[in-house]
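[1] no sequence on hand, only this structure:
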């Protein structure tokens, strides 16, 4: 992935961050049991990672069923978000249970393991 510099010499890169989360996952895991949940979650993550790979995303972090990814272009991030939603629906998740959030933001470092306040402190509503 090739990130564009925000300003020449600024050392900052414009990137789009995608956050994906499954609402009600704890209740679903309780309802179907831990073994079934682990299988479903594995299928979900495989589908998410497939979409990220195909659409130019780079996984940053996971936590439970949540995932942060970075994209060079906002259009790719939007396309990927919709593809992830569709994949989750195919796996049996209700469309409304998959939360997608996107933000375009300048970051200082484009390493694959980017973490910290540049990623996690973006505005939430």
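    Noted; the coordinates are in hand. Quick caveat: nothing in here was measured; it's all calculated off a predicted structure.
[2] need the helices for this protein, in chain order.
    Using DSSP state H, the helices of the chain run over residues 25-32, 34-54, 74-90, 117-120.
[3] what residue ranges in the protein score low on pLDDT?
    Per-residue confidence for the chain (pLDDT under 70) gives these ranges: 1-12, 107-125.
[4] measure residue 29 to residue 87 for me?
    19 Å (Cβ to Cβ, to the nearest Å). All C-beta atoms are positioned from the backbone trio N, CA, C, and that covers glycine.
[5] quick one on the thing from earlier: from the helices of the chain, which stretch is densest packed?
    Comparing the helices of the chain by mean neighbour count (mean count of other Cβ atoms under 10 Å), helix 74-90 comes out on top with a mean of 18.
[6] that helix vs helix 34-54, what angle?
    Counting by axes from the mean of the first three to the mean of the last three Cα atoms, to 10 degrees, helix 74-90 lies at 150 degrees to helix 34-54.
[7] return the list of helices and strands in contact with helix 74-90.
    strand 13-22, helix 34-54, strand 66-71, strand 98-107 (3 or more Cβ pairs under 8 Å, 6 or more residues apart in numbering; DSSP states H and E).
[8] now do 6 Å
    strand 13-22, helix 34-54, strand 98-107 (3 or more Cβ pairs under 6 Å, 6 or more residues apart in numbering; DSSP states H and E).
[9] for the first one, packing partners?
    Taking 3+ Cβ pairs under 6 Å, 6+ apart as the contact definition, the neighbouring helices and strands of strand 13-22 are strand 66-71, helix 74-90, strand 98-107.
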